[in-house]
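A.B. asks: fold the following and give me the result.
(3 chains)
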Amino acid sequence: MAAATSAPRRLSLKRKYAMLTRGLGWETTYQPMDKVYPFDRFEGIVIHDWDGWEDPFRLTVDAYWKYQAEKERKLYAVMDSVAQNNGQLGITDARYLNAVKLFLTGVTPLEYAAHRGFAHAGRHLRGVGARIAAQMQSLDELRHAQTQIHTLSHYNKYFDGLHDFAHMHDRVWYLSVPKSFFDDALTAGPFEFVTAISFSFEYVLTNLLFVPFMSGAAFNGDMATVTFGFSAQSDESRHMTLGLEVVKFMLEQDPANVPIVQRWLDKWFWRGYRLLSLVSAMMDYMLPKRVMSWAEAWEMYFEESGGALFADLERYGIRPPKHHDVAKKEKSRLSHEVWTILYNYTHAAAFHTWVPSDDEMQWLSSKYPDTFDRLYRPRYRMWREAAARGERFYNDALPQLCNVCQIPMAFTEPDDPTKIAFRESIWRGERFHFCSDGCKDIFDDEPEKMSQSWLPVHQIFQGNCGGASIEDVLRYYHLNIGADNLDYEGSPEQELWDAWTADRRTAR
Amino acid sequence: MNVSITLQNTGDARAIIEAIAADNPSAKIQSFPAMVKIDCASRLVIQRRTVEEKVGRAWDLQELHLSLVSLSGNIEEDDDAFVIAWR
Amino acid sequence: MKLDIHTSSIEPRRQTYAHVARRLGDRPASRYDEAVLDVQATANFHYRPLWQPDREIYDVRRTAVVLEDWYVLRDPRQLYYGTYNLSRAAMDQGTERALAFIEQRGLLAAVAPSWLASVASYLLPLRHYEWGANMNAMTVADYGYGTAITSAAAFSAIDRLGMAQTLGKIGLLLDPTGDVLDRAKASWLEAPFWQPIRHALEDTFVLEDWFEAFVAQNVALDGAVHGLVYRAFDRAGMDHGAAAISMATGFMTEWMPDHARWVDAVVEKAAAASPENRALLSGWARKWSARAVEAARPLAERVLGGDAAAAVDRVAAEAADRAERLGLEREAAR
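C.D. replies: As a prediction, this is how the structure comes out:
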């Protein structure tokens, strides 16, 4: 494009995109269109005119190659520099890395899954413009998977819990939370997939994952993660826009689409929100230096930005997603409840947990004045005292999991933070359990599908996870027992980090 | 209703941030580690010409992709301006 | 604060990820290996696709080809996202320069007008052929098994779209109003000499086996269509002063051997894995190559007239040589 810029008759961006893109596709005549595109009708979405869809970024392949190559050049230069200069020593504290472990094992495999999901949409939607946007996103998602693997490869050389991320993603109990989320999207039709991932996840919720978390990585000296994170976000802005355009396109094409889209927004808001509860713990507990609290991020990115978005969509007859009020009620409890779950079961996890330090509790108390001192500080005090006696608490009972989000059932009632919420449904004579009305609604709407979930605890009890003891299961997970798991206090990683940074501490 | 854009805190992005500040009097600029979030009431515009003045060379609006972290609002882009707005 | 650390105390504890080490040993791995090996999920899927309830999300049964290890389908170019984009950005920069140069110097004026008309009829409708090839590449990225094949297939899909758009730019050089592109589309849809190719391509869109679509598109159809257009027709253009057209299609001529390296490696490895695979792939290659060569004949006749038969024979012979080189059988086993 550089050369074309100086050419005398430069095409405008709009015209260039239209000329080079529109009209590429054609109505097949030797094979019926419905056989060529067998999957874009069954969801009930009615499209009258595919040309009504426009890519607001009007990205042609030449520009794609050019800018993506530029991003990659910058990113790999940082990666090489981090590796050459022992960049792992620049982080604030080795505890920080546990957020990175959760990211590599939980999120990176989803990026690959997104590559496949957008390949499916990029093959099977019949409009050219939408298909091209999906195809570019399919490639972007592959980029994210590969750049994350490459960046974190350096940390894997020095730290625990990162070494077998793909194997773990398919098996470890808490990783079924992100995996089931994405499997749910991949097994849906192409319109629901794009609504789930591009709109509900990327537009409405992903800011909560990437923006405060990556900013936090920068704050904690993790140059490697902040670089791939922001580099990925530059693609993400394009994806968010695709998500919004696709949703508006469906809503504009036919009024019959409105209730279908609303149902998907309800479902995927709640599913994405539950998935992000893991991020709430990362933000409030795993970052030694904190940028903002989960509650603040929720207010900034969901209540403000999301509020404006849903106000804008009101003209189509769309209302804010069901149960968003519950998320609001939970915002000063979520991260603490999740950290409690993780603390309970760290002996079966590929990352460490710990009781927050006094300074950290002070911070939590200032960010959560209504809940922290009253509800959570006493619990941490108790655990700290137990650990001091050499009785660090680990929960040896396998938890009951929510059938939908697959998080252990430890979330509390929307209006009573001292009472654990239980919901259930009976379907074909079997009882299914849920952590919330949001998850129960999702099940009740699609019981045939949701009842297929691979629940890690059920699978352990059925003997499908390596054996009957916790050790058998951990071996099935490929956990390095005594290194990947247990409290940070006393871990090999802590010992290593303390040795590396001994000079730093004496210098203080 | 606010629209917003978040940019990386880099040399490339600095000119864009300055251009936004110049062209959008209502812009509220907040700095975070490694990033800058800019909110505007209902509409935010990035003018190619203003950025070009700041960087002293021809600047293609698609270069914005190299610095973008996030945005909120509907997008309209042509050769001269990148607009984020709610309708 | 100065950090003074003895380098001996920061030796790596492992060299690569465990799943890579299980295959290659614990030594520093290439970026390609880490980016690709075992990245796709293989076990414990939660739900079955609403769009294909008898299959898992990723399922080896979407092709009749059977491989014990799907990562034998390595890309010999070792492309991962970064190297892919850097490579294509560099190739495309050459094309952009060439197009700008042709326009600035008015080089199309040197091409015989009758040949330019021919170029408009044989080259520009290929936009749609490439868009069809893009679709088949996405089929492989969608249904394929293992990151090795899906990542390379997704790259090739964008290559195809990029070439379709480059052809569009050439059309705009020929006719800045763009009407020539509309006529090219009408020709693709209606002109008798395009119909056998379009027919074959549309038939590949409904193949249920992704590997068959891969062979039909990348071995058979490309062998015939690209072989004619970018070699035989390009050579014929030399007699009509068409150097500018060769320059404008430089991306494609550089891309073809690059792409073929990957395609050949995939077919060769899959065929070598078992006699059953070999028979299957041989059958597909024979069936689709025969059809592609015949489908391209009317196009060759239209462009080359009396020289068409020899050019078509040449692409048929190239297809046969290639099949042999890849270890495929020329004849069905008795």
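
A.B. asks: so is stretch C:93-101 next to chain B?
C.D. replies: No: against chain B, stretch C:93-101 shows no contacts by C-beta under 8 Å from any C-beta of the partner chain, the least distance being 13.4 Å. Where you see a C-beta, it was placed from the backbone N, CA and C, and this is true even at glycine.

A.B. asks: from the chain's centroid, how far away is stretch A:476-483?
C.D. replies: 24 Å (C-alpha atoms, centre = their mean, to the nearest Å).

A.B. asks: now do that stretch: distance from first to last residue.
C.D. replies: Its first and final residues considered, stretch A:476-483 spans 16 Å by C-alpha to C-alpha, to the nearest Å.

A.B. asks: over to stretch A:40-57?
C.D. replies: The stretch stretch A:40-57 measures 24 Å between its terminal residues, going by C-alpha to C-alpha.

A.B. asks: what sits up against that stretch?
C.D. replies: In this structure, residues lying in contact with stretch A:40-57 by C-beta atoms under 8 Å, 6 or more residues apart in numbering or on different chains are A:17, A:21-22, A:34, A:124-130, A:132-133, A:188-192, A:238, A:241-242, A:245-246, A:249-250, A:252-254, A:256-257, A:260, B:62, B:65, B:74-77, C:50-51.

A.B. asks: what subset of those residues is buried?
C.D. replies: Burial by neighbour count, 16 or more other C-beta atoms under 10 Å in any protein chain shown: within the contacts of stretch A:40-57 this picks out A:17, A:21, A:124-130, A:132-133, A:188-192, A:238, A:241-242, A:245-246, A:249-250, A:253, A:257, A:260, B:62, B:65, B:74-75, B:77, C:50-51.

A.B. asks: keep only those of the contacts of stretch A:40-57 that are in strands.
C.D. replies: Counted as lying in strands by DSSP state E, out of the contacts of stretch A:40-57, are B:74-77.

A.B. asks: out of those residues, which are close to chain A?
C.D. replies: Among those, the ones lying near chain A by C-beta under 8 Å from any C-beta are B:74-77.

A.B. asks: could I get those as CSV with pLDDT and distance to chain C?
C.D. replies: Conversion of those to CSV gives the following (pLDDT from 0 to 100; distance: C-beta to the nearest C-beta, whole Å):
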residue, pLDDT, distance to chain C
B:Asn74, 90, 26
B:Ile75, 90, 22
B:Glu76, 89, 23
B:Glu77, 87, 18
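
A.B. asks: nearest to chain A, of those residues?
C.D. replies: Within these, the smallest distance to chain A is 4.2 Å, found for B:Ile75 (C-beta to the nearest C-beta).

A.B. asks: wait, that closest one sits on B:Trp86?
C.D. replies: No: contact status for B:Ile75 versus B:Trp86: not in contact, 11.3 Å apart, counting by C-beta atoms under 8 Å.

A.B. asks: top helix in the chain by residue count?
C.D. replies: If you meant another chain, say so; for now it's chain A. Looking across chain A with DSSP state H, the single longest helix is helix A:223-253.

A.B. asks: that's the wrong chain, I wanted chain C
C.D. replies: Of all the elements of type helix in chain C, the one with the most residues (DSSP H) is helix C:275-304.

A.B. asks: what's the helix or strand that it is followed by in contact with?
C.D. replies: Tracing the chain C-terminally past helix C:275-304 and defining elements by DSSP states H and E, one meets helix C:308-325 next. Counting by C-beta under 8 Å, 6+ apart, helix C:308-325 makes contact with C:219-220, C:223-224, C:227-228, C:232, C:264, C:282, C:285-286, C:289, C:292-293, C:296-297, C:300-301, C:304, C:329-330, all of which sit outside it.

A.B. asks: now with 6 Å?
C.D. replies: Applying C-beta atoms under 6 Å, 6 or more residues apart in numbering or on different chains, the external contacts of helix C:308-325 come out as C:223-224, C:227-228, C:232, C:285, C:289, C:293, C:297, C:300-301, C:304.
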